[in-house]
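Q: any chance you can model this:
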Amino acid sequence: MPEGGKLIERGLPELEKINEEARREKTGGRYPISELNFWWARKPLVVSRAMILGSILDNDEEFIRLMIKGNEATVENPIPKDVIKRFENLTLLDPFAGGGSIPFEGLRLGLKVIANDYNPVAWALLKALDIREELVNVKEWERISKKYKRGFTVDMEDVCTKEDKSKLGKLVDLGCKIILGVKQKNEKLFPDFNGKRVAAYLWFRETDCPNCGAKIPITSSWYLKKVKSKEKLYLSIEYKGDDYIVEIEEGETKASPTKASNKEVMCPRCNYSIPEKELVSKISKEPNRARLLIIMTEDKEFHLARPEDSNLPQVSESPINVEVIQDKVVSASRYGFRNYAEMFNKRQLKVLSELIEEIRKQVPKEEAMLRLYLSFLVSKHGDHNSFLTHWHSSYVVVGDTMAFRRPAMTWNVVEVNPFSLFSGSLWSMFCDIVEACAFIQERVKDNPNYTLLMKSAEDLPISDGSIDLIVTDPPYYDDVQYAEISDFFYALMKPVLEDVYPENFHFSSLWRERSMEEMSVGPGRNRNFFEMKFKTVLNFMKRVLKDDGIIAMFYAHKRPEFWISVLQAIVESGFTISNTIPVHTEQESSSVSRGKVAMQTSVVMVLRKRKEDRQAFVEDLKSDIERAITTSIKRAIEKGYKGADIMLAGIGASLSVATQYSNLLAKRKDVKPFDSVIEMVYEVAPVKIVNFMTNKNISAMDSVTKLYLFTRVSDIYIRKDSKGIKVVISSDELINLTRGFPDLSVEYLEKEGIIKRSSGKEKSDIELLNFKNRVRFGNKERIIIDAYHYLLRRFEEEGKKGVEKEITSTIFTFSPQELCNIAEILSVHGPDDEEKKASKEYLLQICNKRIDDNQVTLDSFFK
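A: Sure thing, here's the model as predicted:
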C-alpha cells in the first residue's frame, strides 16, 4: 500500500464506522433519496461520500471531520464553506451513475459533477437531483409531517384533506389534487368491510388438478400472519366436490403449501404432483387466473373475501407500454405474460391508467420537474401493486414486484387498495416521493455545477485530460441486465414523460433499443462483448482523466473468469491498481439461506495511470501475490468481514500486485498469466481463512480435509430451512474452489462420499455431507476428515470404547492430536448442526478438552 498519495490509496481512516453506517443504510436505515424509486445495487451515501473524499484528501483529520459525528460515520455533517470553495474547481465524473448516490454526494461536497447513464429510468433518477426551484416548502413540510406522523410514514390522506396544501409547495399541492381526483373516480371499486376500509386483497393463483379435477389454490404458504411473539393466523382448506372453501384459523398449520420449495404443485385433495413443465403450460394460457380468498382491513384484521370484493372493471385500453417483454430475462414471461400491462389485474390497471392521465392533465409539460417526480408515483405504486407482488406474513406487508430483482412469478398475490393507509398505497408512495424531494432540494437545490448525460459510457463528449476524479459503479458482468429488467419501470414512466423529455423517453422498449449500450452480459451480449465494452470504457476514462487523476471503481463478483477479464482489461488499458478496499455496499441477503454465495461488500479498486512500462513473469510474482493475499485476508477477518467478502479481499490484493506490470508473461506455454493470478487466490485463500479464523494451522492437511473445513468454517455456504441446517454449494462454485486443489475434482469428491448432488429444485446445488449423512468414508487411513467422520460415527454408536478400539486397530497416517484439532475446529465454528454437537462431546470425552459455551463462535466473531 503506498505511503504517499491520497487517503484512498493509503487506507481510509474509520473504515469500520463507515461500513457500520453502510450496513444501517442498506438494512432499513435508508435516506429518503433511496426511496424515490427502486434501483439495483444503489450504493450507500456514506460509502459514496467516503470514496469521493478519500480520492481528494490526503489528511486524516479533515476526512474524519467531514465523515464522523460523535462515534458514528454520517453524511449529515454540514460541509464548511471553505471546503466547498476548495472543491469547486474539481470535476467528478460518474459514467455509470445509476441510482445517483455518487453524483448526489459529489454535489453536496461542492464539486463539478458530470453524471451519465444510458438508461432513461436511471437518467430520470439523476435528473431528480437537478432541482432549480422550490417544489416542496421544506420547513412547512417538516412541521406538518410531524403532526401527521403515523408509524414510519405520514398520513398523506389527512394532509391532503385537512391542510392548506398550497403552503406545502407545488409538488404536494398537485400530488394531492391528482390522487384525490383518481380516488373520487375509483374508490367505489374498493367497498368497505363493515364500515372499515379494506387495505389489501390476498389472491391465490389457481389451476385444475389433471388427476382428480379439483381446483388447486397455488400457494407457497398458508400463513396470513406469522409475527414472532404474536398470534399466528393461517388458512385451512376443505373440499366440497371439486371446489374448496377456506377458513381463517389461529395457531400453527400442519398442512404443507401446495407450491413448496420444489417446482411441482401438489393437489391437496388427491396428492397428485403437477410437474413444473405442465404447470407452466397450464398457467401460461391464463396467467392472471386467481381467486380472491382473503381481505385485510386497515386495522390488520383478516376476513374471508365477499363476492363484491372481486368485482373487476373492464379496461379497454391503457397508456402503459404494451411492447413485448424480453422473455430470456424477465422470468415471469414464461408463465404467459406478454407485456407489462398484463402484469396488473383490471382494477390495478384502471387506477394506474387514470393516475397517468390525471398527471398529464393536471401538470403541463412546462412543469417538467413536477412531471418527473410524479412519474415516480406511478412507477413506485406499480412496483408495489402489480399482480406479481407477494405477501409478507412475518411483517404483514406487501412484497414489491422487484423484491426478486426482476418481475418473477409469485403465488400469494397482494392487491393493495391504492387509497388505503397501507404499504404500497398511493398515499404511502406519495409520502416517500415528497420526503425524497425535500431531502434532495434541501441539500443540492439550484446547483450550477451539474451536467447530466444519457449516452453510452464508451465515449462521452468530455475534453481530454479534464477530469480530476472518477468514482463509479459499473455493471458487474452478468449481475443485472439493466435494459431488460428496468423496462418494467420504463413502461410505467414513459406515458408520463414522453412529451416532456421526448429525447429520453421515445423508445418503444429499452431491451430493443438500448440494450446494446449496456455493458453487462445478457441476451446478445456474451463475455467477449463485456470484455470489449469494459476495455473501451477504461480507454475512454484514461483519455479524459488528468495525468494525476484518480479512479475509484466499485466491483464485486464471485466468478473467477470475471476477475480474469477485469484484470486483463486494467493491465491492457494502461492502469495500475494502487489499492483495493473492501467496503460494505449491499443489503444483507437471504441468498445465503438459499445456498448461493452472497456478498455484502464490493471491492473499490483505486486506479492510476501507469507511469512506466514493466514486464514480469507471473511465476516470479507468486510470492508477492501470496503475501498480499495473506495480508489482505488477515486484515479483512480482523475487521469483521465474513464469508465471500473475505475471498473478495484476497482477489483485490492479487489485482494490486499484478497490475503494476504492463506486460504479464508466463514461462510455460500452457500457463495463462491472467488466469494464473486469480487462481492463486483460490490456492491460498481457503486455507489461510481457516487458519486465521480458527487459530490452527491446517496447511499440511490433505486437500479433501482443507476443502471440507473451509466450506464449513467460512460461513459462506450455510443454508437454513424448515428441514434444518445444511452446507450447500453450487456446482460452479465448487469447481472454482477445486482450482486451488489440483488433486481434487467434483467427481472425486462425489466418489469420496463427502458431497451429494441435489435432486430437488436446484439441481446445480451440491450438499456437503456431515458425519451423519455420509454413506462411505473414502480413504479413512489417509484422509483426516474421513477418519474423523468415521470415528465420530463410532463414537455416537459405541461411545469412547468404540473410538479407542478403532484408533488402536487402524493404521492412520496422522496422530490422535490432529484428530482432536479437527474436533476443536468443528466444535467452535460452522453451522449449529449435529456435527458440531457431536464434536463437542468427542472433544470432551476423547480429547479431554471442554469447549466453553461462551467461547467465541463464528457468528459472534464477525459481529
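
Q: from now on I want contacts and neighbour counts done on CA atoms only, so please keep to that.
A: Will do.

Q: quick one: the strands in the stretch 201-350 of the chain?
A: For the stretch 201-350 of the chain, the strands defined by DSSP state E, counting those that start in this stretch occupy 215-218, 223-226, 232-240, 243-250, 265-266, 273-274, 290-297, 302-304.

Q: show me the one of these that comes nearest Asp468.
A: Proximity to Asp468 (Cα to Cα) singles out strand 223-226 among these, at 53.0 Å.

Q: ok, and for stretch 687-700, which residues are buried?
A: With burial defined by 16 or more other Cα atoms under 10 Å, the residues of stretch 687-700 counted as buried are 687-694, 698.

Q: if we can go back for a sec, in JSON lines, list the strands of the stretch 201-350 of the chain along with mean neighbour count, mean pLDDT and distance to Phe38.
A: As requested, these are arranged in JSON lines below (neighbours: other Cα atoms under 10 Å; pLDDT from 0 to 100; distance: least, Cα to Cα, whole Å):
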{"stretch": "strand 215-218", "mean neighbour count": "23", "mean pLDDT": "94", "distance to Phe38": "28"}
{"stretch": "strand 223-226", "mean neighbour count": "22", "mean pLDDT": "92", "distance to Phe38": "26"}
{"stretch": "strand 232-240", "mean neighbour count": "16", "mean pLDDT": "93", "distance to Phe38": "31"}
{"stretch": "strand 243-250", "mean neighbour count": "14", "mean pLDDT": "94", "distance to Phe38": "34"}
{"stretch": "strand 265-266", "mean neighbour count": "24", "mean pLDDT": "91", "distance to Phe38": "32"}
{"stretch": "strand 273-274", "mean neighbour count": "19", "mean pLDDT": "91", "distance to Phe38": "35"}
{"stretch": "strand 290-297", "mean neighbour count": "21", "mean pLDDT": "96", "distance to Phe38": "26"}
{"stretch": "strand 302-304", "mean neighbour count": "17", "mean pLDDT": "97", "distance to Phe38": "29"}
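
Q: can you redo those strands as JSON lines with distance to Leu53?
A: Written out in JSON lines, the entries for these read as follows (distance: least, Cα to Cα, whole Å):
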{"stretch": "strand 215-218", "distance to Leu53": "52"}
{"stretch": "strand 223-226", "distance to Leu53": "45"}
{"stretch": "strand 232-240", "distance to Leu53": "49"}
{"stretch": "strand 243-250", "distance to Leu53": "55"}
{"stretch": "strand 265-266", "distance to Leu53": "54"}
{"stretch": "strand 273-274", "distance to Leu53": "57"}
{"stretch": "strand 290-297", "distance to Leu53": "49"}
{"stretch": "strand 302-304", "distance to Leu53": "51"}
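
Q: figure out which of these is closest to Ser654.
A: Checking the strands of the stretch 201-350 of the chain against Ser654 by Cα to Cα gives strand 223-226 as the closest, at 46.5 Å.

Q: alpha carbons of that closest one, as CSV, please.
A: Extracted in CSV, the C-alpha atoms of strand 223-226 (Å, rounded to 0.1, in the frame of the first residue of the first chain):
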residue,chain,number,x,y,z
TYR,A,223,-49.9,-18.2,6.7
LEU,A,224,-51.6,-14.9,6.8
LYS,A,225,-49.8,-13.7,9.8
LYS,A,226,-46.7,-15.2,11.4
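
Q: report all helices and strands that it contacts.
A: Identification of packing neighbours for strand 223-226 by 3 or more Cα pairs under 8 Å, 6 or more residues apart in numbering; DSSP states H and E yields strand 232-240.

Q: check the offset of the strand it packs on from the chain's centre.
A: Once both centres are worked out by Cα atoms, centre = their mean, to the nearest Å, strand 232-240 turns out to sit 34 Å from its chain's centre.

Q: direction included, what does that strand pair up with?
A: Listed by DSSP bridges, the sheet partners of strand 232-240 and their directions read strand 223-226 (antiparallel), strand 243-250 (antiparallel).

Q: Lys127: which of those strands is closest?
A: Ranking those by proximity to Lys127 (Cα to Cα) places strand 223-226 first, at 40.3 Å.

Q: what sits up against the closest one?
A: Under the criterion Cα atoms under 8 Å, 6 or more residues apart in numbering, residues 231-235, 253, 391, 393-396 lie in contact with strand 223-226.

Q: distance to Gly195 added to those residues, as CSV?
A: Written out in CSV, the entries for those read as follows (distance: Cα to Cα, whole Å):
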residue, distance to Gly195
Glu231, 24
Lys232, 25
Leu233, 23
Tyr234, 24
Leu235, 24
Thr253, 31
Trp391, 24
Ser393, 25
Ser394, 27
Tyr395, 25
Val396, 21
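
Q: which one of these is nearest to Asp446?
A: Among the contacts of strand 223-226, Tyr395 lies closest to Asp446 (Cα to Cα), at 39.9 Å.

Q: what about the closest one, distance to Asp208?
A: Between Tyr395 and Asp208 the distance is 31 Å, computed by Cα to Cα, to the nearest Å.

Q: cool, and Leu665?
A: Here the distance between Leu665 and Asp208 works out to 63 Å (Cα to Cα).

Q: hmm, Phe507 is touching Glu513, no?
A: Yes: applying Cα atoms under 8 Å, one finds Phe507 in contact with Glu513, separated by 6.5 Å.

Q: tell me which of those two has more neighbours.
A: Counting neighbours by other Cα atoms under 10 Å for Phe507 and for Glu513 shows that Phe507 has the greater number, 16 against 11.

Q: next, the contact list for the more buried one, please.
A: In this structure, Phe507 makes contact with Glu513, judged by Cα under 8 Å, 6+ apart.

Q: ok, Tyr708 next?
A: Tyr708 touches 768, 785, counting by Cα under 8 Å, 6+ apart.

Q: re earlier: out of the buried residues of stretch 687-700, list just those in helices.
A: Under the assignment DSSP state H, the buried residues of stretch 687-700 contribute 687-694 to helices.

Q: what's the closest of those to Leu377?
A: When these are compared for distance to Leu377 (Cα to Cα), Ile689 comes out closest, at 47.0 Å.

Q: returning to that earlier point: which of the strands paired with strand 232-240 sits closest to Tyr201?
A: If we rank these by Cα to Cα, the stretch that ends up nearest is strand 223-226, at 11.5 Å.

Q: chain center to the closest one: distance?
A: Using Cα atoms, centre = their mean, the mean C-alpha position of strand 223-226 is found 25 Å from that of the whole chain.

Q: again, but for stretch 74-89
A: Taking the mean of its C-alpha atoms, stretch 74-89 sits 31 Å from the chain's own mean (Cα atoms, centre = their mean).

Q: mind putting the strands paired with strand 232-240 into JSON lines with distance to Tyr335?
A: Formatted as JSON lines, the entries for the strands paired with strand 232-240 read as follows, by distance: least, Cα to Cα, whole Å:
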{"stretch": "strand 223-226", "distance to Tyr335": "25"}
{"stretch": "strand 243-250", "distance to Tyr335": "24"}
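
Q: please name whichever of the ones you listed is nearest to Pro78.
A: strand 223-226 (43.0 Å).

Q: apart from its chain neighbours, what residue comes closest to Phe505?
A: With Cα to Cα, 6 or more residues apart in numbering as the measure, Glu498 is the residue that lies nearest to Phe505, at 4.8 Å, once sequence neighbours are left out.
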